[in-house]
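1. okay, sequence plus prediction incoming.
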Amino acid sequence: MKNSLTHPIEFLLLAGLLISVPLLEAPKNIFWLLFIAAWLVNRFRARDFGGPWDGWDSLIAIWIASGYFISAFAGLPNSEWGGANDILRYGSILWAIKRSGYSRKELYWLLWIVIVSTMVALAQGLWARYVTHTEKALELHSVGHVNHSAIYLAISFGAALSLALGYWKRLAWPWRTMAGAIALILALSIFLSASRAAVVMMYLLTLILSFAWLRRSRLPLLILVVAGAVLATAAYVKRIEVVQKQEHNVQAGIVLSYRDVIWNTALVAWEKHPLFGVGMHNYNQISMDKVKVWLEESGKPYVEAEHGGTSHAHSLYFNTLAERGLIGAGVLLAVLISWLYSLIRHYPRREAEDTEWALWGASLSAWLITTGIGAVNTTLHHEHAILAVVLLGLWLSYRHPAKS
């Protein structure tokens, strides 16, 4: 492998970043800065920045710039520049990987590093939850809150499943067993997280990948549908936490766990600051006193039971509208649509190589989890944003330009 690395130090720094993202807080920022610095040095030396400028380059540049542009007009100034730096961090990672020119083998190993690092973080989280009992929920150390950890696990599950499906035919039985076991363990961990959205999207993702793989083989559809049915039945019979949680919320009449009143608050904030929002990471500045004043100014009554305060809107879409306004939401929508268009347009042919299928499936998984869970949780920020754009970047790197 050593001789196959295009830029060894740069690759190792990127590997360090991917390993530290779910595990360690400070090192991931250090690895990010060192990776970007090494990438720039290597490209200046080679006088090769990854080929001609294309539409994705423009979109990524606009995405990064939009964070600072809307921060200059934040409706409730506080932490908006830090929010813009979050886009800079994962946007620059996406850009660098997309224009890296990494070989097929390097892309393959980076995908493995993503999966293995998640497994190590998961082992640490399981130990803290079930052995030492130092955590009350299953959380990845650096990712944090159980819902955010579930998002990270769901994206990693899709990457692991895509890798297993992509290389299945060429793997020997021991490696097939390991690949299948990793996907299964990640699936079970999502159940243990008790995140209803993550469980639902995991099933939907599995079904979509199964149908996508029909172009290659019918076997995955049969195996994954049966496995999914068995897991769902076992979860219901054993009445695991996620099942109990759903039944309780249905009986209490709070199926959305009060997200509807939170979304009402987000809409009030957006109507007050429609173009630029209150500022990235400033959602926690939206107090009920402000909401009451804003509603009264617009001639609408304030009903306490219909509005709720929290640190974020529990939705990628409502949170983006409230924090970034129409301008920021428009840029994000353009990114998500372009991402999906790339996946549909370049849906692999039956005879496409294993790496193409694996990277396509991993990128699709990141898109589905980000947009699907994003309906009820605030996805695409911090650690799971880095994970999502890395998988997008690996796919785009494969496509632009192709490397041997």
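-> Okay, I see it. Bear in mind the structure is a predicted one, so any value in this text is a computation, not a measurement.
2. tell me which helix or strand of the chain sits lowest on mean pLDDT?
-> helix 241-252 (a mean of 61; mean pLDDT, DSSP states H and E).
3. now the helices for the stretch 201-350 of the chain?
-> Ranges of helices within the stretch 201-350 of the chain are 219-238, 241-252, 259-272, 288-297, 316-345, based on DSSP state H, counting those that start in this stretch.
4. any idea which of those scores lowest on pLDDT?
-> Ranked by mean pLDDT, these bottom out at helix 241-252, with a mean of 61.
5. restricting to C-alpha, output the helix or strand containing V41 in CSV.
-> Taking DSSP states H and E as the definition, V41 sits inside helix 25-46. C-alpha atoms of helix 25-46 as CSV (Å, rounded to 0.1, in the frame of the first residue of the first chain):
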residue,chain,number,x,y,z
GLU,A,25,-12.6,16.4,19.9
ALA,A,26,-9.5,18.5,19.6
PRO,A,27,-7.4,16.2,17.3
LYS,A,28,-10.0,16.3,14.5
ASN,A,29,-9.6,20.1,14.2
ILE,A,30,-5.8,19.7,14.3
PHE,A,31,-5.9,17.0,11.6
TRP,A,32,-8.3,19.1,9.5
LEU,A,33,-5.9,22.1,9.5
LEU,A,34,-2.8,19.9,8.8
PHE,A,35,-4.6,18.0,6.1
ILE,A,36,-5.7,21.1,4.3
ALA,A,37,-2.2,22.6,4.7
ALA,A,38,-0.6,19.4,3.3
TRP,A,39,-3.1,19.3,0.4
LEU,A,40,-2.3,22.9,-0.6
VAL,A,41,1.5,22.4,-0.3
ASN,A,42,1.3,19.2,-2.5
ARG,A,43,-0.9,20.9,-5.1
PHE,A,44,1.3,24.0,-5.3
ARG,A,45,4.4,21.8,-5.7
ALA,A,46,2.8,19.7,-8.4
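6. V114 is nearest to which of the helices of the stretch 201-350 of the chain?
-> Counting by C-beta to C-beta, V114 lies closest to helix 316-345 out of the helices of the stretch 201-350 of the chain; the figure is 17.4 Å. C-betas here are computed from N, CA, C, even on glycine.
7. any idea how far that closest one is from the chain center?
-> Relative to its chain's centre, helix 316-345 lies at 14 Å (C-alpha atoms, centre = their mean, to the nearest Å).
8. cool, and stretch 346-364?
-> With C-alpha atoms, centre = their mean, you get 19 Å for stretch 346-364.
9. what is the end-to-end distance of that stretch?
-> In stretch 346-364, first residue to last residue: 11 Å (C-alpha to C-alpha, to the nearest Å).
10. list the contacts of that stretch.
-> 104, 107-108, 111, 158-159, 161-163, 165-167, 169-170, 208-209, 212-213, 215-216, 339, 343, 391-392, 394-395, 398-399 (C-beta atoms under 8 Å, 6 or more residues apart in numbering).
11. could you dump the helices of the stretch 201-350 of the chain to CSV with distance to A46 and mean neighbour count?
-> Putting the helices of the stretch 201-350 of the chain into CSV (distance: least, C-beta to C-beta, whole Å; neighbours: other C-beta atoms under 10 Å) gives the following:
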stretch, distance to A46, mean neighbour count
helix 219-238, 40, 14
helix 241-252, 50, 13
helix 259-272, 45, 20
helix 288-297, 52, 15
helix 316-345, 26, 20
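12. so which of those helices comes closest to A74?
-> Per C-beta to C-beta, nearest to A74 of these: helix 316-345, 8.6 Å.
13. can you give me the helices for the stretch 51-200 of the chain?
-> For the stretch 51-200 of the chain, the helices defined by DSSP H, counting those that start in this stretch occupy 55-71, 80-98, 104-130, 146-167, 173-193, 196-212.
14. highest mean neighbour count out of these?
-> helix 146-167 (a mean of 27; mean count of other C-beta atoms under 10 Å).
15. report the backbone C-alpha coordinates of it in CSV.
-> Provided in CSV are the C-alpha atoms of helix 146-167 (Å, rounded to 0.1, in the frame of the first residue of the first chain):
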residue,chain,number,x,y,z
VAL,A,146,-27.7,10.2,21.2
ASN,A,147,-29.7,11.5,18.2
HIS,A,148,-26.6,12.9,16.6
SER,A,149,-24.7,9.7,17.3
ALA,A,150,-27.6,7.7,15.7
ILE,A,151,-27.2,9.9,12.6
TYR,A,152,-23.5,9.1,12.4
LEU,A,153,-24.1,5.4,12.9
ALA,A,154,-26.8,5.3,10.2
ILE,A,155,-24.6,7.0,7.6
SER,A,156,-21.8,4.6,8.6
PHE,A,157,-24.2,1.6,8.3
GLY,A,158,-25.0,2.7,4.7
ALA,A,159,-21.3,2.9,3.9
ALA,A,160,-20.5,-0.5,5.4
LEU,A,161,-23.5,-2.1,3.6
SER,A,162,-22.5,-0.5,0.3
LEU,A,163,-18.9,-1.7,0.7
ALA,A,164,-20.0,-5.3,1.5
LEU,A,165,-22.4,-5.3,-1.5
GLY,A,166,-19.9,-3.7,-3.8
TYR,A,167,-17.1,-6.2,-3.2
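16. start to end distance for stretch 344-354?
-> One end of stretch 344-354 to the other measures 18 Å (C-alpha to C-alpha).
17. in that stretch, what's buried?
-> Across stretch 344-354, burial judged by 16 or more other C-beta atoms under 10 Å covers H346, P348, D354.
18. in space, what's closest to T206 - neighbours in sequence excluded?
-> Spatial nearest neighbour of T206, chain neighbours left out: L224 (5.2 Å); criterion: C-beta to C-beta, 6 or more residues apart in numbering.
19. got the contact list for the one you found?
-> L224 is in contact with T206, L207, L209, S210, counting by C-beta under 8 Å, 6+ apart.
20. measure R216 to A352 for me?
-> To A352, R216 is 9 Å away according to C-beta to C-beta, to the nearest Å.
21. now the chain, which segments are flagged as low pLDDT?
-> Low-confidence segments of the chain, defined by pLDDT under 70, are located at 1-3, 235-256, 401-404.
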